[in-house]
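J.: The sequence and its predicted three-dimensional model are supplied below.
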Amino acid sequence: MTSIVSLDRRNADISTPRTNAAQRERIADDMAMLRAAVELTRDLNPPKPIVYWTDLGLSVAIGYGALAAAILLASPAWAILAGIVSVLALYRAGSFIHELTHIKHSAVPGFRFVWNAVIGIPLMVPSFMYEGVHTLHHARTRYGTAEDPEYLPLALMKPWSLPLFIAASLIAPVLLLFRFAVLSPLAAISPRVRGLVITRMSALSINPAFARRAPEGDLLRQWRWQAAGASIFAIVLLGSVATGLVPLRGFIIFMVIAAAVAVLNQVRTLVAHLWENEGEAMTVTAQYLDSVNVPPPAMLPMLWAPVGLRYHALHHLLPSLPYHALAEAHRRLAAALDETSPYHRANYPGLPGLVRKIVVSTMRPRAAD
């Protein structure tokens with residue numbers, strides 16, 4: 001899952017020596033690793049509906065239950081604790097949007113509809129904003145280029161870009177509320193607004209140069225009902241707050257929790273890749289090495305990189321593998337591939353080291369123009 005909040009590629013210091021990019025461009029595909037990835041995981045490909053439904057159901061129940069507790073509890077300490085639980089649970093439930101872009105919907109019937117009904121529309125991130133977008137990030141010739149909606153050379157940008165990248169996600173819920181409560185109704189009557197909304201305000205991406213194409217076929221049908229549902233929800237929510245049906249305190253707590261979910265996702269996005277590519281097309285192995293796994297024994301990734309996102313590099317090798325199979329796939333590959341394999345070079349111990357790595361990279365002096 002990628003944030004709706006973007007930074008400008010122009011902030012990157014493009015005069016930087018192209019050593020990293022050139023090295024990555026020259027990385028040949030490691031065929032032994034690619035063959036092993038396919039052959040050792042073939043039996044893990046079918047999604048398990050019971051896992052999807054159970055995980056989503058528990059996450060939603062805990063998330064909204066804790067949200068209600070955060071709103072209703074009189075004790076600030078208990079309310080804050082409930083809010084933290086709500087953020088983690090709703091973040092986990094929201095992360096299933098990533099699975100929706102990869103699984104065959106016939107394999108888990110009804111899952112997309114239910115996810116949108118209980119998470120996508122209430123949190124104003126319906127799946128049409130990710131479906132048809134995220135798959136471009138996995139396209140062999142698009143990854144890491146200017147045509148990748150989910151890539152910026154963050155490691156080569158100015159040091160102030162990173163805190164801005166994180167802080168900007170705080171306003172994501174407000175922007176989404178405005179998009180669906182105000183711009184969606186206007187788009188229904190104004191072709192000019194509609195074109196702007198479709199191309200610039202309908203994708204969960206971080207690349208500001210990305211312009212989305214108008215949807216077609218099944219995606220158009222999904223787009224219409226999901227956008228209508230999110231618009232109705234946003235208008236009813238604001239109307240209920242304005243008329244006093246929804247207490248202002250409850251609305252503020254809901255928006256704060258939604259903002260915290262967005263920030264947590266933005267932090268996870270920051271360390272999902274090394275962000276060192278400057279626009280060149282990359283081999284699959286190079287893409288893998290530019291991505292990040294945070295496998296056990298680290299425990300905290302279960303919270304900040306849930307639903308398989310802790311195996312993001314492995315996901316780029318096997319994008320169709322369901323999230324519940326990634327841990328087993330990692331165990332098999334780590335055991336089968338010797339220590340000289342590139343597979344082991346994408347594994348990192350935890351969040352602090354990854355954050356430190358990208359921060360240090362932004363502080364390196366760049367060559368003058």
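T.: That came through fine.
J.: Can you pull the phi/psi pair for Ala346?
T.: phi -100, psi 10 (degrees, to the nearest 10).
J.: Nearest spatial neighbour of it, chain-adjacent residues omitted?
T.: Nearest-residue entry for Ala346: Ala313, 3.9 Å, with adjacent residues in sequence omitted and distances by Cβ to Cβ, 6 or more residues apart in numbering. For glycine as for every other residue, the C-beta is placed from the backbone atoms N, C-alpha and C.
J.: just Pro301 next, same as before
T.: Among residues not flanking Pro301 along the chain, Arg310 sits closest, at 3.9 Å (Cβ to Cβ, 6+ apart).
J.: And for Val241?
T.: Using Cβ to Cβ, 6+ apart, the closest residue to Val241 is Phe251 (4.8 Å).
J.: avg pLDDT for stretch 270-287?
T.: Stretch 270-287 carries an average pLDDT of 93.
J.: Can you find the helix or strand of this protein with the lowest average pLDDT?
T.: Ranked by mean pLDDT, DSSP states H and E, the weakest helix or strand in the chain is helix 19-26, scoring a mean of 49.
J.: thought the residue nearest to Pro301 was touching Pro297?
T.: No. Contact criterion Cβ atoms under 8 Å: Arg310 and Pro297 do not qualify, at 12.0 Å.
J.: Compare neighbour counts for those two and give me the winner.
T.: Comparing Arg310 with Pro297 by other Cβ atoms under 10 Å, the one with more neighbours is Arg310, at 28 against 6.
J.: Next secondary structure after the lengthiest helix in the chain?
T.: Ranked by residue count and defined by DSSP state H, the top helix of the chain is helix 217-243. The helix or strand immediately downstream of helix 217-243 is helix 248-270, counting by DSSP states H and E.
J.: Pop out the phi and psi values for Arg310.
T.: Dihedral pair for Arg310: phi -70, psi -20, per degrees, to the nearest 10.
J.: So for it, what pLDDT did the model give?
T.: What the model reports as pLDDT for Arg310 is 98.
J.: Tell me the predicted confidence for the residue nearest to Val241.
T.: 98.
J.: Repeat that for Arg140.
T.: 86.
J.: Same check on Ile27?
T.: 84.
J.: how long is stretch 292-309 from one end to the other?
T.: Stretch 292-309 has its terminal residues 9 Å apart, counting by Cα to Cα, to the nearest Å.
J.: Any buried residues in it, and which?
T.: 292-295, 301, 304-309 (16 or more other Cβ atoms under 10 Å).
J.: Point out where the stretch 1-150 of the chain drops to low pLDDT.
T.: Under the criterion pLDDT under 70, the flagged ranges of the stretch 1-150 of the chain are 1-26.
J.: could you pull out the strands for it?
T.: Under the criterion DSSP state E, counting those that start in this stretch, the stretch 1-150 of the chain carries no strands.
J.: Let me know how buried the nearest residue to Trp275 once chain neighbours are set aside is, in neighbour terms.
T.: Nearest residue to Trp275, sequence neighbours excluded (Cβ to Cβ, 6+ apart): Leu154, at 3.8 Å. Counted with other Cβ under 10 Å, the neighbours of Leu154 add up to 22.
J.: From Leu270, how far off is Leu154?
T.: Per Cβ to Cβ, to the nearest Å, Leu154 is found 7 Å from Leu270.
J.: Give the residues shared as contacts by those two.
T.: 162, 165, 358 (Cβ atoms under 8 Å, 6 or more residues apart in numbering).
J.: Enumerate the positions of the helix or strand hosting the last one that are buried.
T.: What it means is Ile358. Using DSSP H and E, Ile358 falls within helix 351-363. Across helix 351-363, burial judged by 16+ other Cβ under 10 Å covers 351, 354, 358, 361-362.
J.: before we move on, what about stretch 215-223?
T.: Buried residues in stretch 215-223 (16+ other Cβ under 10 Å): 215, 222-223.
J.: do the same with stretch 179-196
T.: Neighbour-count burial for stretch 179-196 [16+ other Cβ under 10 Å]: 179-181, 183-184, 187, 193-194.
J.: any chance you could read off phi and psi for Asn293?
T.: phi -110, psi 140.
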